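Undergrad: below is the sequence, then the predicted model.
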Amino acid sequence: MILILSGTNKGPTFILKIMMILFLPYLLSIFNYYLNQDIVVEHVYLDGINVSSIADDVLIFELNKDYSNIRHLVLSEDFYYLSPGEIDYKGFSVSVSKLDKAGTFIKEIYRPKDPKLITSLGYYPEKNLLFVAHNKSILSIDTNADKVVREVKVDKSITRILMFKNKLYVAGFEYTDESETYYLDVYDPLSLKLLDTKKEMNYVAGDKAFRHSSITSNDSELFVAMGTLNEIYSSVDDFKKPVLTFKNIYNNKPSGGNILFSSNQGLVGKFATTYFKYLNSNYFFIYDLKSDKQYLSKKGKNSGFYDDLKNTGFYSPLLTNSSEYMFSYKKYDTNENKILVVLFKIKS
Amino acid sequence: MKKLSLGKLKLRSEEVLQRSHLANIFGGYDYDCYCGFTGGCGENDPFSVSRNSLEEALQYAASQCNGCGATCEGAYP
């Protein structure tokens, strides 16, 4: 650097700029404690992961509905919007319901006459718009009137959407006979017009089977997990290099894992989290980025994420549109017209 | 011979061409799948499979689910 600068007649401002560029990665690493970090999964299996280790609070409300599960949940300032899985659709969701913050069911605000599966929900607080993603379409709902405002068809298959900094981020896949591609697109949330493709991960044609991408965010960054690697990319470097890589997920046996099941992969609060499948079992993994402590438990009715705050049992937490919350649900009896919806306020 | 329009027959285009036929033209349908049965814990781990029919999608998904079986549903546009 000294050699370069000694050959120039630039002033101190120029030298300062050069130094800023050179030291930018270091400066970023100060603010982003997870930048380019490898998280090595140690395969220490716990009977349960106490909710109190991860979350400050658990919010529970009961819905007298015959939902099979809760597929997606987004939070607004005044309401929860959820898309429930239904038995008639094999546990997949075709509708959206609105609940108040006490968990009281208000009404079903979306169920098209020709039902099609809902793949993700998003919410735009500044405009009170709810976004519903189907396999190859996106629509916006004005939540003041609870009416569909706009619907557009898209060429690619959508698996996840998230609003971030006044843009709608859309992740999914497309394929031809020669190739398979995971993508991250950006849409204008009002017109629902495609603005840009932020990231593509291309592969030669394989099984034509695709994992569902994950998108999470905090105040300053958006994170995406996509493709066939257990990596998380950030908007901070325009999704160029992974900011987090989950290593040793398959315990040094690549054939023991299956990337299709690496879902719910992202950053929430001060944690990095993922589901993964290793050998014949599915696991919930969560890693404290500040203390470097990790928690791993098999997902199941008697293992996983244990609510030690309100003693309501085990859960498998799922991502919301918020960096503060994850959600889950519980059905004690599959024939019961009742389901518990649970929100975990994740520590930051 | 008098030609009949689809409108007069009250048929929609997808009823004239079976979904499997359309799949051959457009290269397959997307199905959302998960391991196990409806109401089981596999519901939280969905993945997508493109195949010409539900049966083919189920067959592939089951092969990924280590003997648990699989559930799939067409994620039509």
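TA: Arrived safely, thanks for sending.

Undergrad: residues from chain B in reach of chain A?
TA: Taking Cβ under 8 Å from any Cβ of the partner chain as the contact definition, chain B meets chain A at B:27-28, B:30, B:32, B:34, B:38-39, B:41-51, B:60-61, B:64, B:66-67, B:71-77. (C-beta placed from N, C-alpha, C; glycine too.)

Undergrad: those in strands, which ones?
TA: The members of the residues of chain B next to chain A that map onto strands under DSSP state E are B:Asp30, B:Asp32, B:Tyr34, B:Phe47, B:Ser48, B:Val49, B:Ser50, B:Arg51, B:Thr71, B:Cys72, B:Glu73, B:Gly74.

Undergrad: weed out the non-buried ones from the residues you listed.
TA: Those of those that meet the buried threshold are B:Asp30, B:Asp32, B:Tyr34, B:Phe47, B:Ser48, B:Val49, B:Ser50, B:Arg51, B:Thr71, B:Cys72, B:Glu73, B:Gly74, by 16 or more other Cβ atoms under 10 Å in any protein chain shown.

Undergrad: contacting residues for the nearest residue to A:Ser328 once chain neighbours are set aside?
TA: Once flanking residues are discounted, A:Ser328 sits nearest to A:Tyr315: 3.8 Å by Cβ to Cβ, 6 or more residues apart in numbering or on different chains. By Cβ atoms under 8 Å, 6 or more residues apart in numbering or on different chains, A:Tyr315 lies in contact with A:Val51, A:Gly304, A:Phe305, A:Tyr306, A:Asp307, A:Ser328, A:Tyr329, A:Lys330, A:Val342, A:Phe344.

Undergrad: tell me, how many residues neighbour the nearest residue to A:Val40 once chain neighbours are set aside?
TA: Counting by Cβ to Cβ, 6+ apart, A:Lys247 is the residue found nearest to A:Val40 once chain neighbours are left out, at 4.6 Å. Using other Cβ atoms under 10 Å in any protein chain shown, A:Lys247 is surrounded by 12 other residues.

Undergrad: per-residue pLDDT, A:Lys247?
TA: Here, the pLDDT recorded for A:Lys247 equals 97.

Undergrad: does it touch A:Asp38 like I think?
TA: Yes - A:Lys247 is within contact range of A:Asp38, at 4.9 Å (criterion: Cβ atoms under 8 Å).

Undergrad: which bits of the stretch 51-200 of chain A sit near chain B?
TA: So the stretch 51-200 of chain A meets chain B at A:68-69, A:85, A:87, A:89-92, A:116-117, A:119, A:134-137, A:153, A:157, A:159, A:173, A:175-177 (Cβ under 8 Å from any Cβ).

Undergrad: out of those residues, list just those in strands.
TA: Going by DSSP E, the strands hold A:Asn69, A:Gly85, A:Thr119, A:His134, A:Ser137, A:Lys153, A:Ser157, A:Thr159, A:Phe173, A:Tyr175 from those.

Undergrad: between the ones in strands among the residues of chain B next to chain A, which is nearest A:Ser281?
TA: The closest of those to A:Ser281 turns out to be B:Tyr34 (Cβ to Cβ; 15.2 Å).
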